[in-house]
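In: following is a predicted model, sequence given first.
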Amino acid sequence: MLDLQELTALCGFEKVGDFQKAHRDWVDEALKHEMVARESRWSEAVAVGSLSFVNTVKSELGFKAAHREVIEQGETYVLREESEAYRSNFAGENEVLSSENARFWDENPEDKAT
């Protein structure tokens, strides 16, 4: 597993503080434009980014990534299993889990009566 310094360098930053600020800015920008919907390319992939980045991650994973493929999606690439890998066995169950796997930012579970 990557430590914070390795992740910082992998993402193209020299300093951890610069990476942390950029991440905060990305989140703020997404919230400002109400981009809060789940994007499957980020939540269902092992790696997302340039072709060289995704290939590096695949190479470093070695055997763990043997059956995963690099797929081009628009201007980025993703490392993931083929979409049909589990669909036939778990499609119904996965749909229920995905729709329940969300919490709105203004929802406080402590405010609700039990």
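Out: Noted; the coordinates are in hand.

In: CA atoms for contacts and neighbours, from now on please.
Out: OK.

In: what's residue 5 sitting at in phi/psi?
Out: Note on residue 5: backbone dihedrals following degrees, to the nearest 10 are phi -70, psi -40.

In: state which helix of this structure is the longest.
Out: helix 16-32 (DSSP state H).

In: please name the bridge partners of residue 77.
Out: Counting by DSSP bridges, residue 77 forms beta bridges with residue 49, residue 72.

In: and it, what is it in contact with?
Out: Taking C-alpha atoms under 8 Å, 6 or more residues apart in numbering, we find residue 77 in contact with 48-51, 54, 70-71.

In: just put those in TSV and tack on pLDDT, neighbour count and distance to residue 15.
Out: Converted to TSV, the contacts of residue 77 look like this (pLDDT from 0 to 100; neighbours: other C-alpha atoms under 10 Å; distance: C-alpha to C-alpha, whole Å):
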residue	pLDDT	neighbour count	distance to residue 15
48	89	22	21
49	88	17	20
50	90	14	21
51	92	16	24
54	90	22	22
70	90	18	29
71	88	16	30
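
In: next, the buried residues of the longest helix of the chain.
Out: residue 19 (16 or more other C-alpha atoms under 10 Å).

In: tell me what it is packed against?
Out: helix 4-10 (3 or more C-alpha pairs under 8 Å, 6 or more residues apart in numbering; DSSP states H and E).

In: identify each buried residue in the helix it packs on, please.
Out: Under the neighbour-count criterion of 16+ other C-alpha under 10 Å, helix 4-10 has residue 8 buried.

In: before we move on, what about stretch 57-74?
Out: 57-58, 65, 68, 70-71.

In: can I see the domain layout of the protein?
Out: With domains defined by automatic domain parsing, the chain comprises 1-36, 38-100.

In: mean pLDDT lowest for which of those?
Out: With a mean of 75, domain 38-100 has the lowest mean pLDDT of the domains of the chain.

In: identify, from the contacts of residue 77, the entry nearest to residue 79.
Out: For the contacts of residue 77, the residue nearest residue 79 by C-alpha to C-alpha is residue 70; the value is 4.6 Å.
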